[in-house]
Structure formats: C-alpha cells, structure tokens
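1. this is the structure alone, sequence omitted:
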C-alpha cells in the first residue's frame with residue numbers, strides 16, 4: 001500500500017489495483033515539504049528502493065529527491081529547475097532545551113522527510129541523537145530520501161518493522177491501517193503550551209475524538225500579490241479582499257503579451273486541479289455534502305466559479321500558455337514578473353529569499369480573496385509526528401516527540417528550516433522571526449481559516465481516498481479545460497464532472 005504525502009489525506013487515491021498512490025502535489029502548489037513523485041509512489045512495497053544513506057550525518061542531499069515543482073528554486077523561464085534549499089537557515093544555534101526521560105538503554109528509530117534545508121535537517125537529527133544520549137538511550141534519526149519515503153514505509157509496514165516515530169502528513173490514512181498509537185494525552189499536554197495548536201489542524205489528525213499525530217508545522221496556501229504593480233492602479237499596497245476586486249485590478253494592470261493580471265494554472269496538472277478548486281470554494285462550489293456521502297460538484301457555486309474563470313480567460317487576463325503549464329508554471333510566471341497574482345504556497349517565498357529580494361519586498365502572501373461564499377484558505381494540515389502502535393520503545397518515542405515539540409525548541413527548528421515550516425502554536429507567530437517579516441502577517445489568519453478538501457464534511461480515510469482519486473484523475477482541471485480549451489458549455493462541463501465524482505464515490509461505497 002502506498003500512502004500519499006504532505007496533503008496525503010487530501011491528495012491520495014485508491015488505484016484500480018487497490019494501491020494508494022502518492023501525488024506530487026506539494027509541487028509548486030505546495031509549500032513546506034516535498035511529496036513523492038506519482039511514478040515512484042506507485043511502486044510496490046516489496047520493490048521499494050532503499051536510501052543508501054540514512055544516518056543523520058549522511059543524510060541525502062535535497063537535490064537527490066527534489067522534483068522541480070517541490071524545490072524552492074523552481075525553474076524560471078531562463079534557467080533550469082533548481083533543487084536547492086529555499087534559503088540558508090540561520091546560523092546554527094546552541095543545543096535545544098533538553099527534557100528528561102529515563103530511557104534505560106532504549107533505542108528509538110525516527111524517520112523524517114527532508115525539509116529542503118539539509119543543514120537544518122542534520123542539525124535537528126543531531127539534537128535528537130544528543131537528547132537520547134543525555135537520557136541514557138539511543139536515537140537513530142533517519143532523514144529519508146523524499147523520493148522513496150512512502151515506498152520505504154510501505155515496505156516497513158509489510159515487514160512489521162515500522163519505525164517508532166514517523167513524520168507524516170497523511171495521518172488519517174495510516175490510522176486507517178491500524179499502525180498508529182493513540183497520542184491524545186500527549187496532544188492535550190502540548191496543546192496547553194504557547195497558546196495551543198491551531199484548531200484547523202485537528203481534523204487531519206483526529207478520529208473519533210482520538211488524536212493520532214502531533215503537529216510539527218503548517219502549510220497554508222496564500223495569494224501571492226505584486227504590491228508594487230497594484231499600487232500603481234489603486235494607490236495602495238494592499239492585496240484584494242474579494243475576487244471581484246482582484247478581477248478589477250487585474251484588468252487595469254493587464255498588458256499582454258508581456259504581463260497578465262492573473263496567473264491561474266489551467267494545465268492538466270495537480271496545480272490546475274487545485275487552483276480551480278480554490279476558486280470554486282470561494283464561490284460555494286464545495287465538493288461534497290455536509291455528511292461527506294455525496295459529491296456536490298453540480299451546484300450554483302461551481303457554475304459561478306467556472307463562469308468567473310471563463311470570463312478571466314476570455315478577457316485575456318490569464319496567460320494563454322496557462323493551459324499547458326505544469327506545476328512550475330505559476331511559480332515561473334510570478335518569479336519572472338509576468339503576472340500580478342498567483343495562488344501558491346511558500347515555495348515562491350523561498351525562491352525569492354534566495355534569488356530576488358526586491359520582488360520579495362514587493363510581495364504579500366494573503367488569504368484567498370472572498371467570493372460569493374466567503375474566503376476559505378486551502379492547505380489545511382501539515383507534518384505531524386506519529387508513533388507506531390507496535391513500538392517497543394513507545395514511551396521513549398513519545399518523549400522524543402515531546403522534546404522536539406516544546407514550543408521554544410520547535411520555534412528554533414522552524415527558523416532553521418528557513419520559513420518553510422510555520423509553527424503550529426498560535427503564540428509563536430509573535431516571535432520576531434515571523435513578526436518582522438511582512439509576508440507572514442496574514443499567516444495566522446490563513447491557518448485559522450484553512451479547510452480540508454472535504455469541507456464542509458470532516459475528513460475521514462474513506463472520503464479522502466475517494467476525493468484523492470478524483471484529484472489524481474484531475475477531474476476539476478479537466479472540467480476547466482473543457483470550457484476554456486474545448487468550448488464546452490459551463491453547465492455541461494459541470495454535469496460531466498459530477499458524473500465522474502459520482503462514479504468514484506460509488507467505487508468507494510460512499511453514499
């Protein structure tokens with residue numbers, strides 16, 4: 001079985017052979033952490049390649065696993081895709097504040113995804129190892145090559161050798177496999193610190209009032225806005241608050257073929273599927289009913305959103321090559337200063353830190369403008385630490401997670417990762433590292449308003465598997481392409497998408 005990654009419970013799918021395939025959704029449309037490529041994730045567990053370097057001091061370089069769309073340095077039109085870290089982390093600090101736990105020579109194995117800041121990854125690993133030694137035990141902290149993480153974990157599940165502590169973004173999927181330990185008590189303990197965790201993270205780690213993961217970071221999806229460009233037509237350096245305002249500004253700054261108002265991805269790609277879904281949500285085009293049993297694509301909200309997109313396309317506010325973009329397309333368009341707005345998580349921020357400080361200073365990362373139904377942020381959830389139910393060092397594994405997730409320690413870790421991880425504790429947003437950067441001023445609001453793809457239904461493994469199959473099939477991207485490329489009437493394109501979702505829901509025995 002192959003889980004999905006990062007937005008796994010949003011972006012997975014039970015394939016025809018019963019395999020949950022991973023999507024490379026972190027891509028340009030994701031931010032904090034990379035996902036396995038679809039082809040790699042589809043490999044069978046028994047044939048999964050193993051990383052050749054697992055120890056913290058031998059962690060694979062970020063370049064070994066990065067996909068062009070997941071790396072912070074996504075390709076610009078004039079350069080190859082970079083797989084470098086988003087930014088050099090701050091100078092390595094001293095040791096994290098240790099916590100006490102009697103390990104009695106216990107050994108804890110921990111598997112972590114790469115953050116694309118290799119130095120930070122190795123530093124966190126070294127701190128974990130030092131913690132184990134100080135407490136009379138051993139910590140083996142493996143920074144697993146992102147391209148094989150899901151296969152390696154699937155092989156471990158099959159062999160019943162699951163690591164004690166695992167970094168996951170798709171907690172509910174693994175909880176459905178009955179391999180995780182109930183962490184409710186530890187979650188409640190940590191939730192009393194630093195203002196508590198953002199509650200929007202809870203649906204992705206909780207089932208039946210039990211918590212199965214401990215939040216490490218968050219990864220909201222903001223609207224990137226060229227403040228210098230819109231200031232020329234509005235007199236203000238403020239992002240639009242509504243989609244109608246966005247359209248009005250886009251019309252004023254539009255200057256094809258060199259500059260376009262809206263960098264909406266309309267390619268048959270995960271970013272295209274996600275961008276279309278984000279516009280739908282603002283106009284009330286939700287994917288399922290409140291019970292999570294039936295798809296609701298065929299709705300006034302979806303029709304309104306698709307008409308909105310068609311209007312932008314017909315008005316030439318969207319680059320004409322957008323229909324052929326891959327997941328680097330909107331990154332490239334913004335980084336090359338070709339568009340005023342894009343919907344994308346933090347990968348662009350990381351690229352600007354490294355490559356274009358002037359563009360960074362003229363950029364805001366704000367909530368998606370409100371449509372007819374309001375303003376909803378995508379990208380709910382994030383990485384979390386989970387513990388194997390069969391761990392022989394379970395208490396020590398929980399204690400290691402507790403050490404890494406103490407607010408002061410986690411803040412240093414997030415800063416070392418260079419901004420790709422935004423802390424899950426509310427009060428940490430007040431720390432100077434975040435408060436001093438205007439680009440992050442909207443992040444608390446983004447995280448609080450973030451919803452899962454299942455909204456208004458709560459996520460659960462079966463529902464998210466069905467939605468994930470529709471994601472992998474790029475149903476929403478196909479719906480938009482039918483309208484803007486093939487000239488299909490909006491009502492017909494929406495009806496066709498509804499039928500596709502209904503077939504997938506029937507396959508998963510929902511409804």
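-> Sure thing, it's come through. Because the structure is a prediction, the values reported are computed rather than measured.
2. next SSE downstream of the helix or strand where residue 249 lies?
-> In the assignment (DSSP states H and E), residue 249 maps to helix 243-253. Going down the chain from helix 243-253, the next helix or strand is strand 260-262, by DSSP H and E.
3. and the helix holding residue 249, what does it pack onto?
-> Under the contact criterion of 3 or more Cβ pairs under 8 Å, 6 or more residues apart in numbering; DSSP states H and E, helix 243-253 touches helix 227-234, strand 260-262, helix 300-314, strand 339-343. All C-beta atoms are positioned from the backbone trio N, CA, C, and that covers glycine.
4. tell me which of these lies nearest to residue 276.
-> With Cβ to Cβ as the measure, helix 300-314 is the member of the helices and strands packed on helix 243-253 nearest residue 276 (6.9 Å).
5. gap between the closest one and the chain center?
-> 25 Å (Cα atoms, centre = their mean, to the nearest Å).
6. show me what stretch 158-168 is in contact with.
-> The contact list for stretch 158-168, computed with Cβ atoms under 8 Å, 6 or more residues apart in numbering, reads 3, 8, 45-46, 108-113, 142, 153, 156, 174, 179, 213, 216, 383-388, 390-394, 396-397, 400-401.
7. between the two ends of it, how far is it?
-> Start-to-end span of stretch 158-168 (Cα to Cα, to the nearest Å) is 17 Å.
8. how about that stretch: buried residues?
-> 162, 163, 164, 165, 166, 167, 168 (16 or more other Cβ atoms under 10 Å).
9. can you pull out the strands in the stretch 101-250 of the chain?
-> 107-113, 138-144, 165-168, 206-207, 210-211, 214-215, 223-226 (DSSP state E, counting those that start in this stretch).
10. check what pLDDT residue 207 gets.
-> What the model reports as pLDDT for residue 207 is 89.
11. against residue 106, how distant is it?
-> 28 Å (Cβ to Cβ, to the nearest Å).
12. ok, now which ones touch the residue nearest to residue 371 when sequence neighbours are not counted?
-> Nearest residue to residue 371, sequence neighbours excluded (Cβ to Cβ, 6 or more residues apart in numbering): residue 282, at 3.1 Å. Going by Cβ under 8 Å, 6+ apart, residue 282 touches 243, 305, 368, 369, 370, 371, 372, 373, 374, 375, 376.
13. and for residue 470?
-> 13, 287, 476, 500, 501, 504.
14. which of those lies closest to residue 347?
-> Closest approach to residue 347 among the contacts of residue 470 (Cβ to Cβ): residue 476, at 21.0 Å.
15. following the chain onward from the helix or strand containing that closest one, which element is next?
-> Using DSSP H and E, the element containing residue 476 is helix 475-484. Sequence-wise, the next helix or strand downstream of helix 475-484 (DSSP H and E) is helix 490-507.
16. just list what that following helix packs against, helices and strands only.
-> Going by 3+ Cβ pairs under 8 Å, 6+ apart, helix 490-507 lies up against helix 300-314, helix 461-472, helix 475-484.
17. swap the cut-off to 10 Å and go again
-> strand 13-14, helix 300-314, helix 461-472, helix 475-484 (3 or more Cβ pairs under 10 Å, 6 or more residues apart in numbering; DSSP states H and E).
18. that one versus helix 300-314: what angle between them?
-> 130 degrees (axes from the mean of the first three to the mean of the last three Cα atoms, to 10 degrees).
19. for residue 398, give me its contacts.
-> Contacts for residue 398 (Cβ atoms under 10 Å, 6 or more residues apart in numbering) come out as 101, 108, 164-165, 181, 183, 185-186, 189, 214, 385, 387, 391.
20. quick check, nearest of those to residue 357?
-> So of those, ranked by how close each gets to residue 357 (Cβ to Cβ), first place is residue 385, at 34.0 Å.
21. next one: that closest one, what pLDDT does it get?
-> 98.
22. same check, this time on the one 10 residues further on
-> At residue 395, the model reports a pLDDT of 98.
23. my read: residue 387 touches residue 187, true?
-> No. Contact criterion Cβ atoms under 10 Å: residue 387 and residue 187 do not qualify, at 11.4 Å.
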